[in-house]
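**Q** Curious how this folds, go ahead:
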Amino acid sequence: MAKKNTGKVIQMLTPENYIRTKSRTLPIYDCWINSDWEEAKMASVLISRNHTNGNITYCFYIVDLLCLGVKFSQFDFNIPMSEYLEKLEEFKEDVELEPVDYPLAHNIIHAGVEFAEVYDFKPYKEFTSVTQYFLDEDNDDIELMEIECGDEDGQPVYVYNKQVDSPRDIKRVIAQLEQTAGIGNYSVVDEDELEDEDDPDEDEDEEDIDAPFDIYEDKPFEEKKELFIGFYKTLQIPYDLDELDRIVELVDSIFWDITDEKIVGNYADELLDDHSILSKEDYFPNELLGIGPEVKVDSSLKTIFSKAVLDLTSDPDKARQDISLLQQNSVGLPAIAFLELMLLKKENLPEYFKKLEEYAMLYPEYAMIKMTRLIEIYASRNVPGEIKTLSLNLDTIFPGRDRLSFAEKFLYLRLISYIVIYDGNLDKIEAFYSVLDELDNNEKLTHAVEKLFSLERMEYLTKYFNIS
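**A** This is a model prediction of the structure:
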């Protein structure tokens, strides 16, 4: 009689969960920091730990000791030593790094976080969710060092870069400093001006870098309203991109006028707490196909699905062939139903809505179809009471997940944007727009959602101003 297999199934940890729960048991391999961190008060810190197999996990942190704390963080998990050394050289090409002992790196990061917290600035989302756990516990075992933060008087200094920071974000940070530090107790510095001081011979004919944050800032509200009405009534579909950029800037300025900075800040914190989760463009979980994480999946299915998604945007005939190929290889896969729906919508076929309801009933737990149906309901502006009362967040849409694929996060952010617009709370609309780049770490995804949400804000203003 065959012996029954009583072996335990080992649940593999994701890289994120490993870092959260196990990484502190690994010995420090090395630590690096930019050589001018004390003068610049902007620290680029890299900390690595050594696995028993000789591989390396490292975390990288950008720490603003003047105001914002941990502005950015990322990690690479369990990579070969040779790959780590290559990446280290890449970092050194961008920043002049020097080796430091771990306690100094630890103190710099924690000092930045604690200083920022005084003014209600939260660390970068990946630090909060993952990379803070890569650091040793902040207790008496770590030598306490005095790290100077802020200016010579210990007051915050917000340094912005107009090439990176949007006018909306610059205003939001300044408004928060005014609220938390008080007028006269903080400084604001344009990074370009600092560079000009370092290089006074800069070509004076270069593009004017001292343009105002908001080109409509000095205009009275009524004038902005009339400008908006005029722009909107002359907009043609398809939109002229230059015209669209101009009206989006005007929409930003109007929203700043009609919203309350403090309330916007409170909503921003709430949105970050409820909807922040990491996503990766090349990450493809089983759940995207509609099957459990424990199921072994032929990689060709994932390849065909990814190709179908791309073909849907450019060649529906090819997408149809992709879907047919998936059907031959895996009948009844929820992801196939999702692709069929996207094809029907792309071709604007009338059976789309009937099929959507059918598949939503057939696959009630499959997130991609669930979100698609909810988006259509909120877009229709005819939302039943039972939908309004649903708690729609990461826990209810993606239970037990700690990261999402690009496609999942895009659809999720679109759903939240529709809900925010439907609710019609101006301060929450402004808050969602202001934190989009913090809700996701993928620049392409953020830009795509932001572009679509800009159009929705524009349409919202047409109702606000009763434009017929």
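**Q** tell me the mean pLDDT for the longest helix along the chain?
**A** When every helix of the chain is counted residue by residue (DSSP state H), the longest turns out to be helix 443-464. If you average the pLDDT over helix 443-464, you get 87.
**Q** So which bits of that helix are buried?
**A** For helix 443-464, burial by neighbour count (16 or more other CB atoms under 10 Å) applies to L445, T446, V449, E450, F453, S454, E456, R457, M458, Y460, L461, Y464. Yep, even glycine has a C-beta here, placed from its N, CA and C like the rest.
**Q** how about those residues in a markdown table, adding distance to N50?
**A** Shown next, in a markdown table, are these (distance: CB to CB, whole Å):
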| residue | distance to N50 |
| --- | --- |
| L445 | 33 |
| T446 | 34 |
| V449 | 39 |
| E450 | 40 |
| F453 | 44 |
| S454 | 46 |
| E456 | 49 |
| R457 | 49 |
| M458 | 53 |
| Y460 | 53 |
| L461 | 55 |
| Y464 | 58 |
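**Q** just those now: which is nearest C149?
**A** T446 (28.7 Å; CB to CB).
**Q** E98: what secondary structure?
**A** strand (DSSP: H, G, I helix; E, B strand; the rest coil).
**Q** which residues sit in contact with it?
**A** Going by CB atoms under 8 Å, 6 or more residues apart in numbering, E98 touches W32, I33, N34, S35.
**Q** and it, bridged to which residues?
**A** Using DSSP bridges, the bridge partners assigned to E98 are I33.
**Q** let's number from 711 now, not from 1
**A** Renumbered: residue one is now 711, and that last one reads E808.
**Q** And the pLDDT for it?
**A** Confidence score, pLDDT, at E808: 96.
**Q** Tell me how far it lies from P790.
**A** 24 Å (CB to CB, to the nearest Å).
**Q** before we move on, what about Y843?
**A** 23 Å.
**Q** which of those two has more neighbours?
**A** With neighbours defined as other CB atoms under 10 Å, Y843 and P790 compare such that Y843 has more, 20 against 12.
**Q** Tell me who's in contact with the more buried one.
**A** Y843 touches I729, R730, T731, S733, R734, counting by CB under 8 Å, 6+ apart.
**Q** E853 - how many residues pack around it?
**A** E853 has 11 nearby residues by other CB under 10 Å.
**Q** and the residue nearest to it when sequence neighbours are not counted, what does it touch?
**A** Excluding the flanking residues, the one nearest E853 by CB to CB, 6 or more residues apart in numbering is P813, at 4.7 Å. By CB under 8 Å, 6+ apart, P813 lies in contact with I852, E853, M855.
**Q** which one of those sits closest to I1131?
**A** I852 (46.7 Å).
**Q** The closest one and I738, how far apart?
**A** 12 Å.
**Q** hmm, back to that, which one among the contacts of E808 gets closest to L1011?
**A** Checking those one by one against L1011 (CB to CB), the nearest turns out to be W742, at 41.4 Å.
**Q** Quick one, which of the contacts of E808 are buried?
**A** The buried subset of the contacts of E808 (16+ other CB under 10 Å) comprises W742, I743, N744.
**Q** so can I have TSV of the residues you listed showing distance to H820 and pLDDT?
**A** Shown next, in TSV, are the buried ones among the contacts of E808 (distance: CB to CB, whole Å; pLDDT from 0 to 100):
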residue	distance to H820	pLDDT
W742	17	97
I743	14	97
N744	18	96
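**Q** okay if I get the residues you listed as JSON lines plus distance to L1049?
**A** What follows is those, written out as JSON lines (distance: CB to CB, whole Å):
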{"residue": "W742", "distance to L1049": "45"}
{"residue": "I743", "distance to L1049": "48"}
{"residue": "N744", "distance to L1049": "47"}
